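# Predicted model and sequence below, questions to follow.
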Amino acid sequence: MSGLIVLAVPILLIVVVIAGVWKVFEKAGQPGWAAIIPIYNLYVLTQVAGMAWWWVLLCMIPFVNVIGFILISLGVAKNFGKGAGFAVGLIFLGFIFYPILGFGDAVYGTASPAPQPAA
């Protein structure tokens, strides 16, 4: 019985994350099924983040990929109107924050404008 629980919890977590990323892609006008296709899902994520396709190639290079994933997460958070704190959540706790982004009330394309200096 405990072996079944040990197997079921990770599978449930994977399903929730895939569903969250699927919804994020759909909110951004991308195909949701792209969430389950390796490498292509990274390409779609760069599109959601508003970045060039060649970031996918950079994410394949060890150590460089860390910077790439940080910048992609910042772009995704920004394009959904979220701040750097939410991007940190996407980076370190993506299994929680992608479902929040996908199933929450965040709207794609609501990047907050840069603050204007006081006159």
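That came through, no problem.

# any idea of the pLDDT on the spatially closest residue to residue 103 that is not a sequence neighbour?
Excluding its sequence neighbours, the residue lying closest to residue 103 (Cβ to Cβ, 6 or more residues apart in numbering) is residue 23, at 5.8 Å. For glycine as for every other residue, the C-beta is placed from the backbone atoms N, C-alpha and C. Confidence at residue 23, expressed as pLDDT, is 97.

# What strand or helix carries residue 23?
For residue 23, the element it lies in under DSSP states H and E is helix 2-27.

# Any buried residues in that helix, and which?
Using 16 or more other Cβ atoms under 10 Å as the test for burial, helix 2-27 gives 16, 17, 18, 19, 20, 21, 22, 23, 24, 25, 26, 27.

# and that helix, how far from the chain's centre?
Helix 2-27 sits 15 Å away from the centroid of its parent chain (Cα atoms, centre = their mean, to the nearest Å).

# Please name every helix or strand in contact with that helix.
Contact partners of helix 2-27 among helices and strands, from 3 or more Cβ pairs under 8 Å, 6 or more residues apart in numbering; DSSP states H and E: helix 40-48, helix 94-103.

# Where does pLDDT dip in the protein?
111-119 (pLDDT under 70).

# try 80 this time
Within the chain, the segments meeting pLDDT under 80 span 1, 110-119.

# List the contacts of the residue nearest to residue 74 when sequence neighbours are not counted.
Among residues not flanking residue 74 along the chain, residue 87 sits closest, at 4.5 Å (Cβ to Cβ, 6+ apart). By Cβ atoms under 8 Å, 6 or more residues apart in numbering, the contact set of residue 87 is 70, 73, 74, 76, 77, 78.

# and residue 51, what helix or strand is that in?
Going by DSSP H and E, residue 51 is not part of any helix or strand.

# Equivalent analysis for residue 75, please.
Judged by DSSP H and E, residue 75 forms part of helix 64-79.

# Show me which residues of that helix are buried.
68, 69, 71, 72, 73, 74, 75, 76, 77, 78, 79.

# So what's the gap between it and the chain middle?
For helix 64-79, the distance to the chain centre is 9 Å (Cα atoms, centre = their mean).
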